[in-house]
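S.K.: Below: sequence and its predicted model.
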There are 2 protein chains.
Amino acid sequence: MKIGLLIIGNEILEGKITDLNTRSLALFLRGLHLELETTLTVQDTENAIKNGLKLLFDQCDVVVTSGGLGPTRDDLTKEMMASFFNKKISFSEDSYQVALKNYQRFNRPFESKEHGYCFLPEGFTALENTTGFAPCLFAEFSGKFLLCGPGVPKEFNSLLNDHFENLILTRFPQNNHVIESFTARTKRIPEEKIFGEVDPSLWNKLSAYGTVSSLPTVMGVDVGIKLVASNKSELELKKKEILEIFKSSPLSSAIWQFGNTPLEEFIVSLANKKNITYGFAESCTGGLCSHRLTNIAGSSQTFLGSVVCYSEKIKSSSLGVSAQTLSTFSAVSSETAAEMSSGLAKKFGVDIALSITGLAGPGGGSEDKPVGTAFVGVTSKGQTLTHRLQLFGDREQLKLRFSQAVLFYLLEELENFA
Amino acid sequence: MKIGLLIIGNEILEGKITDLNTRSLALFLRGLHLELETTLTVQDTENAIKNGLKLLFDQCDVVVTSGGLGPTRDDLTKEMMASFFNKKISFSEDSYQVALKNYQRFNRPFESKEHGYCFLPEGFTALENTTGFAPCLFAEFSGKFLLCGPGVPKEFNSLLNDHFENLILTRFPQNNHVIESFTARTKRIPEEKIFGEVDPSLWNKLSAYGTVSSLPTVMGVDVGIKLVASNKSELELKKKEILEIFKSSPLSSAIWQFGNTPLEEFIVSLANKKNITYGFAESCTGGLCSHRLTNIAGSSQTFLGSVVCYSEKIKSSSLGVSAQTLSTFSAVSSETAAEMSSGLAKKFGVDIALSITGLAGPGGGSEDKPVGTAFVGVTSKGQTLTHRLQLFGDREQLKLRFSQAVLFYLLEELENFA
């Protein structure tokens, strides 16, 4: 089955936004052992859209489109689809009902049957959009499939998750196999070292069980094995053997999870399970550690709060970092990090307090403390330890990597906390 | 002049990385008053690359390629180019010299004349790469131009900056038109209302000047017009007239910027220019307001810090919210929001303090305060105002929308601060 993506949207070709949907679709298809053949991005014009459709349908069995389904007049996708397939557009009670449901999901009124959302090209099906308002579209013509989703990444993702399998996959005969991805998530070891100096035989050992892949993420690499088995018990056996391979590998100490749970969720669930409270004193991460954990529902059970101490004044007044420490060692030092975390632990009364102070750049670096330097303080049960980080990247990447380092220290502290 | 981008690289179609080069090229071209016609991403195979080249050359005068120039076996671009144009590949002294220079720039040895970097298809020119090792390529065939760069974003950017103007632009001396995008960024009005009840004639008025588009972002819509003019002064005149249309529209009070600066950067630069200090007391946004502003270099000049007061205990102990307020009105109330912002202003000594307390969900809502409810406190010059928000979305969307609301209130306060 060949699958192509047509991205409709001037915003991308004008450089206003970066396309994230290619990656989503690619990862989604990878999970189904399918691959993305090609992606074509075209402008919001009749010619460009129709040429794009033609081109992709020449090459592919399934064309997924993204963008141009909104309510304004530059959202041309539906009209172009109708024109391309030579179909009439008319009012559709089904599409009206779908739009109504999409609005009701957000407690928003949707009355007008005149709304563009209620019109549909002949032969098309309107699909519920569980994360937005615009109905998605599906059509099948001469054995080829068309699935149209919104450009908004979240909505595009839910189109895939909600409809792709039902509408597309069931129409292609599948092998009677059980398929599962096994993932080992590692921390702090660069991709090139994992299968090199750390464990040179690991790749070959794992390859006996399926296709091995390695996906670098922030400060960690996810090692994945695509398992194919003829039945569930064979699959379980394979998983057990793979687990043994990882556990006896020198890589094992760097593995923090077998599975795909995001780090934030993993931490919140562990802290809540053990009922351990925590908080951050954030300088160079500027609130990102707190933001990441509060993205998880339920985080309020054990995350009490943080101080974002961007200025020296706040470091002193809110956390009690001494003026002498700041003047002798500077704000970016292990001494300051230690006083920040111990100050927060006292002030907020949390079980674990973590601090970070560093240089996210672009300015402010020096020879012995270049941009990318940071100090982390960890206070737990009255004891404070500090760590020095030396990371790389631009300002936003550094903030993300700094926060990731802090979260890994928090995770380790939670694991060891008795 | 029509320009297309061919992206060669399985990494993107496998979802391992996100394409950043489309945006770079688009923004680069916009700076030259040119536009990107289309982007095509293909796999690293002979067929896909050749089909892609054919397709883009059918449509465009200039094709830029990204990827596949590296030293490994899956880097096929050069061979495919030779085969596509039916040219022989052979050793090129020029290419050797270019590679030598690329290596010398990084103090790395490059000796071997056998290296793939020294081979070039007939009629091609090797170009210096100022940020990497692989030489870039240029060719002109029957009045069409080909420029090949590496996939690494940094190197692709330097290809554009170092070579595009000299090699491509100078060959199109009679550029008979200039293109520019004009953007009006609005806040707090849903997309469907802008060209509906707010200003029904706006779309038509603007369309007289070029293609109108509307891009919904968080709590705001960017209205764009693609202007095409025969020369710079005509372009300036059009821009002036469009500005007048916007300024006399009922939409004008919702426009916070004519331009493309991100809100965070806009705020930081205004606060720094006026030298007004500020900070946040963040409950339901969990640090996101602070995180967003500290993404901007230079924010430390006026952003002093924040308290992420996720628990009631921290609201009391760190911001002085009274126990009575919390028990009488609850943590999610305008009374609590007011005490949070006034408490922060006093504690941190900032000129403007903003607070937010609300329900990001999924749980915790009630009939009169459903999920999506939040209260914002704004304290400035000893005075405190509060606002009630009622927004929609899932937890992450709500956090983002809440933070956007807070940033808009901050922006307005900064604008009015004398």
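M.R.: Received, thanks.
S.K.: Roughly how far does the residue located most distally from the centre of chain A sit from chain B?
M.R.: Distance from the C-alpha centroid of chain A peaks at residue A:324, with 42.2 Å (C-alpha atoms, centre = their mean). Separation of residue A:324 from chain B (C-beta to the nearest C-beta, to the nearest Å) stands at 21 Å. The way it works is simple: take the backbone N, C-alpha and C, and place the C-beta from them, glycine included.
S.K.: Quick check: that residue is in a strand.
M.R.: No: applying DSSP: H, G, I helix; E, B strand; the rest coil, one finds residue A:324 to be helix, outside a strand.
S.K.: Give me the pLDDT for it.
M.R.: In this model, residue A:324 is scored at 98, pLDDT.
S.K.: how much space between it and residue B:300?
M.R.: 22 Å (C-beta to C-beta, to the nearest Å).
S.K.: Next: residue A:230.
M.R.: Distance of residue A:230 to residue B:300, given as C-beta to C-beta: 60 Å.
S.K.: who's more crowded, these two?
M.R.: Of the pair residue A:230 and residue B:300, residue B:300 is the one with more neighbours under other C-beta atoms under 10 Å in any protein chain shown, namely 22 against 11.
S.K.: So that one: helix, strand or coil?
M.R.: helix.
S.K.: which ones are touching it?
M.R.: A:310-311, B:294 (C-beta atoms under 8 Å, 6 or more residues apart in numbering or on different chains).
S.K.: 10 Å instead?
M.R.: A:283-284, A:286, A:310-312, A:360, A:363-364, B:268, B:272, B:293-294 (C-beta atoms under 10 Å, 6 or more residues apart in numbering or on different chains).
S.K.: What of residue A:162?
M.R.: Here residue A:162 is in contact with A:127-131, A:136, A:149 (C-beta under 10 Å, 6+ apart).
S.K.: The nearest residue to residue A:308 once chain neighbours are set aside pairs with what?
M.R.: Leaving aside its sequence neighbours, residue A:308 sits nearest to residue B:306 (C-beta to C-beta, 6 or more residues apart in numbering or on different chains; 4.0 Å). Residues in a beta bridge with residue B:306, per DSSP bridges, are residue A:308, residue B:280.
S.K.: In contact with residue B:306, which residues?
M.R.: A:282, A:286-287, A:290, A:306-310, A:314, A:318, B:278-282, B:285, B:287, B:289-291, B:293-294, B:344, B:348, B:350, B:353-355.
S.K.: if you set the cut-off to 7 Å instead, what comes out?
M.R.: A:287, A:308, B:279-282, B:290 (C-beta atoms under 7 Å, 6 or more residues apart in numbering or on different chains).
S.K.: Do you know the pLDDT at it?
M.R.: The predicted local confidence for residue B:306 is 98.
S.K.: pLDDT score assigned to residue A:226?
M.R.: 79.
S.K.: by contact count, what packs against whichever helix or strand it is part of?
M.R.: Assigned by DSSP states H and E, residue A:226 falls within strand A:220-229. Applying 3 or more C-beta pairs under 7 Å, 6 or more residues apart in numbering or on different chains; DSSP states H and E, one finds that strand A:220-229 makes contact with strand A:178-186, strand A:210-217, helix A:232-247.
S.K.: separation between residue A:268 and residue A:82?
M.R.: 47 Å.
S.K.: Settle it for me: which of the two has more neighbours?
M.R.: Neighbours per residue, other C-beta under 10 Å: of residue A:268 and residue A:82, the larger number sits with residue A:268, 24 against 19.
S.K.: quick one: contacts for the more buried one?
M.R.: Residue A:268 neighbours (C-beta under 7 Å, 6+ apart): A:293, A:296, A:298-299.
S.K.: For chain B, see how far away it is.
M.R.: Counting by C-beta to the nearest C-beta, the gap from residue A:268 to chain B is 12 Å.
S.K.: For residue B:417, see how far away the closest residue in space to residue A:94 that isn't next to it in sequence is.
M.R.: For residue A:94, ignoring the flanking residues on the chain, the nearest one in space by C-beta to C-beta, 6+ apart is residue A:126 at 5.5 Å. As judged by C-beta to C-beta, residue A:126 and residue B:417 stand 49 Å apart.
S.K.: Which one's more surrounded, these two?
M.R.: Higher neighbour count among residue A:126 and residue B:417: residue A:126, with 23 against 15, using other C-beta under 10 Å.
S.K.: measure the more buried one to chain B for me?
M.R.: The spacing between residue A:126 and chain B, counted by C-beta to the nearest C-beta, is 18 Å.
S.K.: Also residue A:31?
M.R.: In terms of C-beta to the nearest C-beta, residue A:31 sits 10 Å off from chain B.
S.K.: What are the phi and psi values at the residue nearest the centre of chain A?
M.R.: Ranked by distance to the mean C-alpha position of chain A (C-alpha atoms, centre = their mean), the top residue is residue A:262 at 8.2 Å. As for residue A:262, its main-chain torsions (degrees, to the nearest 10) stand at phi -60, psi 150.
S.K.: Can you name every helix or strand that the longest helix anywhere in chain A contacts?
M.R.: If you go by DSSP state H, chain A has its longest helix at helix A:395-416. Helix A:395-416 is packed against helix A:263-274, helix A:288-294, strand A:352-358, strand A:373-380, strand A:383-390, with contacts defined by 3+ C-beta pairs under 7 Å, 6+ apart.
S.K.: pLDDT wise, what is the residue nearest to the centre of chain A at?
M.R.: For residue A:262, pLDDT reads 90.
S.K.: same check, this time on residue A:201
M.R.: According to the model, residue A:201 scores 94 on pLDDT.
S.K.: Tell me how many other residues surround it.
M.R.: Counted with other C-beta under 10 Å, residue A:201 comes out at 10.
S.K.: Might you report the residue contacts of it?
M.R.: By C-beta under 7 Å, 6+ apart, residue A:201 has no neighbours at all.
S.K.: same thing with residue A:339?
M.R.: Per C-beta under 7 Å, 6+ apart, neighbours of residue A:339: A:319-322, A:325.
S.K.: Could you check how far it is from residue A:346?
M.R.: To residue A:346, residue A:339 is 10 Å away according to C-beta to C-beta.
S.K.: What of residue A:204?
M.R.: From residue A:204 to residue A:346 the distance is 52 Å (C-beta to C-beta).
S.K.: likewise residue A:75?
M.R.: 56 Å.
S.K.: again, but for residue A:9
M.R.: 52 Å.
S.K.: Pull the contacting residues for the closest residue to residue A:401 other than its chain neighbours.
M.R.: Leaving aside its chain neighbours, residue A:401 sits nearest to residue A:391 (4.5 Å; criterion: C-beta to C-beta, 6+ apart). Residues in contact with residue A:391 (C-beta under 7 Å, 6+ apart) are A:372, A:398, A:401-402.
S.K.: Equivalent analysis for residue A:410, please.
M.R.: A:267, A:278, A:352, A:354.
S.K.: if you set the cut-off to 10 Å instead, what comes out?
M.R.: Counting by C-beta under 10 Å, 6+ apart, residue A:410 has contacts A:263, A:267, A:270-271, A:276, A:278, A:280, A:289, A:293, A:352-354, A:376, A:378, A:380.
S.K.: circling back to that earlier point, show me which of residue A:9 and residue A:346 is the more surrounded one.
M.R.: Neighbour count, other C-beta under 10 Å: between residue A:9 and residue A:346, residue A:9 has more, with 24 against 14.
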